[in-house]
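> Build me a structure from this.
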Amino acid sequence: AFWIVIVVFILLSAITIMYMLVGVLVEVVGVIATAEKEGITVAYVAGKMREKMETMGHGFDDPLTKYEFQRLLIEPDVCELLTSVNVDVVVLIDMLDMVYEDIERTGSSMTFERMVDLLLNGRGANQATVRDTKEILRILKQIIKTSTEDIQKKMESELQVIHAGLLMLREEALSRDAAPKDSDSEEEETQVQAFG
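Presented below is the predicted three-dimensional model:
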């Protein structure tokens, strides 16, 4: 009877280990397939973008200006290509101002590699990373800073206008307070002369 228990234990252990190995193999194959699919997508997008830039007469070694990038993104072929890999073109075009502000801040330029990276990072299926969160916080901080500076400048100019208006009203009030005494005495003199 003890023999049967030992044999069953060994068989169950072997089957369990076999299933664990199969699970590991399936996971490895899934990761490799995802990496290969990503590599194929990158190569496909980069190749098509190179072709489109060549047909537009722009070398892919030359940096892209904001206008050229916008012009490239509104091409129907490019929109179709980017939509096929789940890139939201409208959001990407809206983001170009911030992207180029960041490029100007760092003193670099929009290279072809950077453009492809930007395009592929704009896919809706991408997961948010810590880098993305830090980038959003940096952008929000910059927006809040510029908005605060604009509001402060507007408030200062409005307060200066209000201050100038108050000074003018004060001067009018002071001149009015000084003027009635003179006009009251003149009125009294004319009334005395009229009755006298």
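> any idea how far the longest helix seen in the chain is from the chain center?
Ranked by residue count, the top helix of the chain under DSSP state H comes out as helix 130-195. Distance of helix 130-195 from the chain centroid (C-alpha atoms, centre = their mean, to the nearest Å) equals 37 Å.
> Let's test this: mean pLDDT of that helix, rounded?
In this model, helix 130-195 has a mean pLDDT of 80.
> Quick one: list the elements packing against that helix.
With contacts taken as 3 or more C-beta pairs under 8 Å, 6 or more residues apart in numbering; DSSP states H and E, helix 130-195 sits against no other helix or strand. For glycine as for every other residue, the C-beta is placed from the backbone atoms N, C-alpha and C.
> hmm, try it at 10 Å
On a contact count with 3 or more C-beta pairs under 10 Å, 6 or more residues apart in numbering; DSSP states H and E, helix 130-195 meets helix 89-106.
> helices or strands up against the helix it packs on?
Counting by 3+ C-beta pairs under 10 Å, 6+ apart, helix 89-106 packs on helix 66-73, helix 76-84, helix 112-121, helix 130-195.
> Not counting the third one itself, show me its contacts.
Contacting residues not belonging to helix 112-121 are listed as 38, 41-43, 45-47, 49-50, 53, 58-64, 69, 72-73, 78, 81-82, 85-87, 89, 92, 95-96, 99, 103, 108, 110-111, 126, 129, 131-132 [C-beta atoms under 10 Å, 6 or more residues apart in numbering].
> rerun at 6 Å
46, 60, 87 (C-beta atoms under 6 Å, 6 or more residues apart in numbering).
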